[in-house]
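Participant: compute the structure for the input listed below.
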Amino acid sequence: MKKDFTFTIKSICLDEHYTPSDTTRITTNFANLARGESRQQNLRNALRMIDNRFNALANWDNPEGDRYGVELEIVSVDMHIDGDEQAFPSIEVLKTNIIDHRTNERIEGIVGNNFSSYVRDYDFSVLLLEHNKDKEGFSVPGDFGELHGKLFKHFVESNTYKQHFAKPPVICLSVSDNKVYRRSENQHPVLGVEYHPNESSLTEQYFKKMGLQVRYFMPPNSVAPLAFYFFGDLLNDYTNLELISTISTMETFQKIYRPEIYNANAVAGSCYQPNLRNADHSLTQIVYDREERSRLAIAQGKFAEQHFIKPYQSVLEQWSANTAL
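Facilitator: Reported below is the predicted structural model:
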């Protein structure tokens, strides 16, 4: 009998009092900020940066630049396999909510934004490394990302997702430092100028198996484009305020995590290659342990292997074989 996967969703507020739970991927941007001696100041500064950026972009009918605030929810998704009481912490994303201080209205934002997945850690930090061990050159397994993609689409198409969220997710990532991006003539009032990469990246291909398209835009007064992964029509399916909530949130995290690109002192030109060794950048007043983040990704990939991939290997293979990508 074919087993199925079901999901449960939990959410908590990401504010200055946030403490990561035991099941949170500690490589996640916001979880890394919420650790150590500077945790509360880190969170307070990051949230202030998000609010300021939101008001700078939503500047109509906002003369004092303080009309809006952004509230963030951390959405954790547990996956259950039929007949097994043990749940696996599969996905963690952020949900934005917009507070209009003038009207006292709370406006639903976008779910997705940041994207964390133990299975993705396994694919990139365990499977891919083992596949290329002792080999000349770099290659990717033929079915790389297929299981993860099917699980993600199964979640987005589930009743659980539809009961909690009104629109499909949008995930916002940094650009790749080994690709060249060229500015186009297309410009959106909120997303900004569109860029096109010279070739597809492994991340693009991985997210494509999750059912997601990608477009690259550099918002007004930004210094580098962001990668927006989405279903449907990014420019018409979401309101300007919804898009601004994602831009302000994820650009803030990228300024902290990748200041060489997103807090650079020079703006991306018409032909742009990101450079993680760029010395001409400014640092935020926020402590972020990037080296630890890379190290922990391997540990978390091994956690997924030990607690999900290996114990349920036959179930996963059967389910994946009977599920269209």
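
Participant: so Asn42 sits in a strand?
Facilitator: No: assessed by DSSP: H, G, I helix; E, B strand; the rest coil, Asn42 does not belong to a strand; its assignment is helix.

Participant: could you grab the helix/strand/coil label for the residue most central in space within the chain?
Facilitator: Compute the mean C-alpha point of the chain, and by C-alpha atoms, centre = their mean the closest residue is Asn114, 2.5 Å away. Following three-state DSSP, we place Asn114 in the strand state.

Participant: what's the distance between it and Asp84?
Facilitator: Distance of Asn114 to Asp84, given as C-beta to C-beta, to the nearest Å: 28 Å. For glycine as for every other residue, the C-beta is placed from the backbone atoms N, C-alpha and C.

Participant: kindly report the same for Ser38.
Facilitator: Relative to Asp84, and taking C-beta to C-beta, Ser38 is found at 40 Å.

Participant: more neighbours: which of these two?
Facilitator: Neighbour count, other C-beta atoms under 10 Å: between Ser38 and Asp84, Ser38 has more, with 16 against 12.

Participant: look up how far Asn263 lies from the more buried one.
Facilitator: Distance, Ser38 to Asn263, by C-beta to C-beta: 18 Å.

Participant: can you check Tyr216 too?
Facilitator: Note on Tyr216: its distance to Asn263, by C-beta to C-beta, is 18 Å.

Participant: name the residue in these two with the higher neighbour count.
Facilitator: Set Tyr216 next to Asn263 and count neighbours by other C-beta under 10 Å: Tyr216 wins out with 22 against 19.

Participant: partner residues bridging the more buried one?
Facilitator: Tyr195, Ala227 (DSSP bridges).

Participant: you'd agree it is up against Glu194?
Facilitator: Yes: between Tyr216 and Glu194 there is a contact under C-beta atoms under 8 Å: 6.5 Å.

Participant: does Ile74 have beta-bridge partners, and which?
Facilitator: For Ile74, the beta-bridge partners are Ile12, Leu94 (DSSP bridges).

Participant: and it, how many neighbours?
Facilitator: Neighbours around Ile74, by other C-beta under 10 Å: 22.

Participant: who touches it in this structure?
Facilitator: Ile74 makes contact with Ser11, Ile12, Cys13, Leu14, Tyr18, Thr24, Phe30, Glu92, Leu94, Lys95 under the criterion C-beta atoms under 8 Å, 6 or more residues apart in numbering.

Participant: likewise Ile244?
Facilitator: Phe54, Leu57, Ala58, Val190.

Participant: okay, and it sits in which element?
Facilitator: Using DSSP states H and E, the element containing Ile244 is helix 240-257.

Participant: buried set for that helix?
Facilitator: Neighbour counts using 16 or more other C-beta atoms under 10 Å place 241-257 of helix 240-257 among the buried residues.

Participant: pretty sure Phe228 sits against Leu212.
Facilitator: No: contact criterion C-beta under 8 Å: Phe228 and Leu212 do not qualify, at 9.4 Å.

Participant: joint contacts of those two?
Facilitator: Ile171.

Participant: which residues in the stretch 201-325 of the chain form strands?
Facilitator: 213-218, 226-230, 271-272 (DSSP state E, counting those that start in this stretch).

Participant: scratch that, the stretch 51-200 of the chain is what I was asking about
Facilitator: Using DSSP E, counting those that start in this stretch, strands in the stretch 51-200 of the chain cover 68-81, 87-100, 105-117, 170-173, 181-188, 192-197.

Participant: need these in JSON lines (columns: mean pLDDT and distance to Leu47).
Facilitator: Formatted as JSON lines, the strands of the stretch 51-200 of the chain follow (pLDDT from 0 to 100; distance: least, C-beta to C-beta, whole Å):
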{"stretch": "strand 68-81", "mean pLDDT": "93", "distance to Leu47": "8"}
{"stretch": "strand 87-100", "mean pLDDT": "93", "distance to Leu47": "12"}
{"stretch": "strand 105-117", "mean pLDDT": "94", "distance to Leu47": "14"}
{"stretch": "strand 170-173", "mean pLDDT": "97", "distance to Leu47": "17"}
{"stretch": "strand 181-188", "mean pLDDT": "98", "distance to Leu47": "26"}
{"stretch": "strand 192-197", "mean pLDDT": "98", "distance to Leu47": "23"}
